[in-house]
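> what follows is a predicted structure for the sequence shown.
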Amino acid sequence: MNHRMIVAINCHILRIVALFMLPALGISLFQGEQSSVFGFLAAMALMFLPSITQLIPKWRPKRRNLNAKDGFVIVAITWVLVSALGALPFVFSGYIPNFIDAFFETVSGFTTTGASILRDVEALPMGLLYWRSFTHWLGGMGVLVFLLAIVPMGRDAGYSLYLLRAESPGPQVSKLVPRTKRTAMILYGIYIALTFLQIVLLLLAGLPLFDAITTAFGTAGTGGFSIHNDSLISLSPAVQIIVTVFMALFGVNFNVYYLLLMRSFTKKTFNEEFRAYWLILLVSSLVVALNILHLYDNFWVALRHAAFQVSSVMTTTGFATANFDLWPELSKTLLVLLMLVGASAGSTGGGVKVVRVLILLKYARNSIQKILHPRTVHVVHMDGGVIDRDTIRGVNVFIICYLFISVVSVLLISIDDFSFETTVTAMVACLNNIGPGLGQAGPIENFADFSWFSKLVLSADMLLGRLEIFPLIMACTPSFWRKAT
């Protein structure tokens, strides 16, 4: 294991995150928010502190190559460190003095979950509100993907695919172009362009600049942090429709956007996952709209709220335009199921991912056919090609780990003695990076009443969900750290 390179990359990441605090610091200075200014300066100083190790010759990396194990370690360590140090402005400013609460809030931000412990979001100063929303945007595409896009790490860039593979969501990661750095730049270029377009449209819809930027950050990262206590309930229908569309767009695999930019309009572009994603989203929106029709003035109002909430839940954004905890059981049940399915692989959304659901269904069908016709050969096809056994095995292992973590988490959280609905949906909301659940974890509630122990469990769930389980599990396995003999 290349320990020195692991330390060097983590120092790079911490410096980048510290520099990203500058806009928030500038807002705090402009608004005269002295406690926030102190909080950001102290946090930035601590983030630059580890870089001192790079001044010591024995800590500088002699070789820059990494293997798959190093990639998983870097991803696991980076996300925990960034979440812990990113929480410090809230603690040092005194607005979230309890570190566990601040850690929960920041983990929720970087993992684009959107679960909050804040009872009065609007009480936060503008600098902290900006930083809170920006953690969504940075965590949406991934802090290490950003590193690959902008930071020169030397000629030997072959290792960078291991970082991209360990951090990117989905059962498999492929490069858009031969060079991984170029791939990361393309991904972030698309990400920035879509974010900017949404900000412009929100401004045209009448939102103030600060509101438009923070709302776009929450949408792009599919996170759901709002600067308003009622999420987006009080905003205009035009704003809600714009956010609905962009939540759905950010839930699409970014490879599709790249292929469209290359003017590729083939079956590979609009693949099975893409078609299934939109079919599930549209059909679910229609079903929910019909189910809640009696609660609204007409079908179009019901459809607007239904489409918003389905898009918000399926893309694991977590914004709300209504208290869906009061909707009929069919709608609530469907929304919980959509929480589990999640968005597309290669998007900023969370959940199990549509492609994994498709692979599992195809594998189940082939297994049944194998039982009925044992002499025939059955393989799993997708998009005209054969899915290799390693990918299928990886999906099966992911689901097994996912179910095991879910059961253990529910048992641990149940110590708080909340209702079964609250306990289960809180776990689902955090493990799938959604934010709101039902009951006391519902869209107009928060996680403030959960114990410090449950907040740590749910924080771990958020990290596990964002990193798709394996990096953190591997980093916590003793055998992973043993030297090969």
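In hand now; what should we look at?
> mind listing what's buried along the helix or strand encompassing residue 4?
According to DSSP states H and E, residue 4 maps onto helix 3-20. Neighbour counts over helix 3-20 (16 or more other CB atoms under 10 Å) mark 4-18, 20 as buried. (Glycine included, C-beta is placed from N, CA and C.)
> cool, and stretch 105-122?
105-118, 121.
> I figured residue 317 hits residue 222, correct?
Yes - with contact defined as CB atoms under 8 Å, residue 317 counts as touching residue 222 (4.4 Å).
> overlap of the contact sets of these two?
247, 250, 349 (CB atoms under 8 Å, 6 or more residues apart in numbering).
> list the contacts of the last one.
So the one you mean is residue 349. 169, 222, 250-251, 314-317, 342-343, 433.
> just put those residues in JSON lines and tack on distance to residue 456 and secondary structure.
Below are the contacts of residue 349 laid out as JSON lines (distance: CB to CB, whole Å; DSSP: H, G, I helix; E, B strand; the rest coil):
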{"residue": "169", "distance to residue 456": "23", "secondary structure": "coil"}
{"residue": "222", "distance to residue 456": "24", "secondary structure": "coil"}
{"residue": "250", "distance to residue 456": "29", "secondary structure": "helix"}
{"residue": "251", "distance to residue 456": "29", "secondary structure": "coil"}
{"residue": "314", "distance to residue 456": "28", "secondary structure": "helix"}
{"residue": "315", "distance to residue 456": "26", "secondary structure": "coil"}
{"residue": "316", "distance to residue 456": "21", "secondary structure": "coil"}
{"residue": "317", "distance to residue 456": "24", "secondary structure": "coil"}
{"residue": "342", "distance to residue 456": "24", "secondary structure": "coil"}
{"residue": "343", "distance to residue 456": "26", "secondary structure": "coil"}
{"residue": "433", "distance to residue 456": "17", "secondary structure": "coil"}
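> where's the dip in pLDDT among the shared contacts of residue 317 and residue 222?
Least confident of the shared contacts of residue 317 and residue 222 in the model: residue 349, at 82.
> look at that residue and give its secondary structure.
Per DSSP: H, G, I helix; E, B strand; the rest coil, the local secondary structure of residue 349 is coil.
> where do the helices sit along the stretch 101-250 of the chain?
In the stretch 101-250 of the chain, the helices defined using DSSP state H, counting those that start in this stretch lie at 126-141, 143-150, 160-167, 180-204, 209-220, 237-250.
> any idea which residue sits dead centre in the chain?
Closest to where the C-alpha atoms of the chain average out (CA atoms, centre = their mean) is residue 112, at 3.9 Å.
> now that one: phi and psi?
Dihedral angles of residue 112 (phi, psi; degrees, to the nearest 10) stand at phi 60, psi 40.
> if we can go back for a sec, now the helix holding residue 4 - C-alpha only, CSV.
Taking C-alpha atoms only, helix 3-20 is exported to CSV below (Å, rounded to 0.1, in the frame of the first residue of the first chain):
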residue,chain,number,x,y,z
HIS,A,3,0.9,5.2,2.3
ARG,A,4,2.8,8.3,1.3
MET,A,5,0.7,8.8,-1.8
ILE,A,6,-2.5,8.3,0.2
VAL,A,7,-1.4,11.0,2.6
ALA,A,8,-0.4,13.3,-0.3
ILE,A,9,-3.8,13.0,-2.0
ASN,A,10,-5.7,13.6,1.2
CYS,A,11,-3.7,16.7,1.8
HIS,A,12,-4.6,17.9,-1.7
ILE,A,13,-8.2,17.3,-1.1
LEU,A,14,-8.3,19.1,2.3
ARG,A,15,-6.6,22.1,0.7
ILE,A,16,-9.1,22.2,-2.1
VAL,A,17,-12.1,22.0,0.3
ALA,A,18,-10.5,24.7,2.4
LEU,A,19,-10.2,27.0,-0.7
PHE,A,20,-13.9,26.2,-1.5
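> alright, that wraps it up for me.
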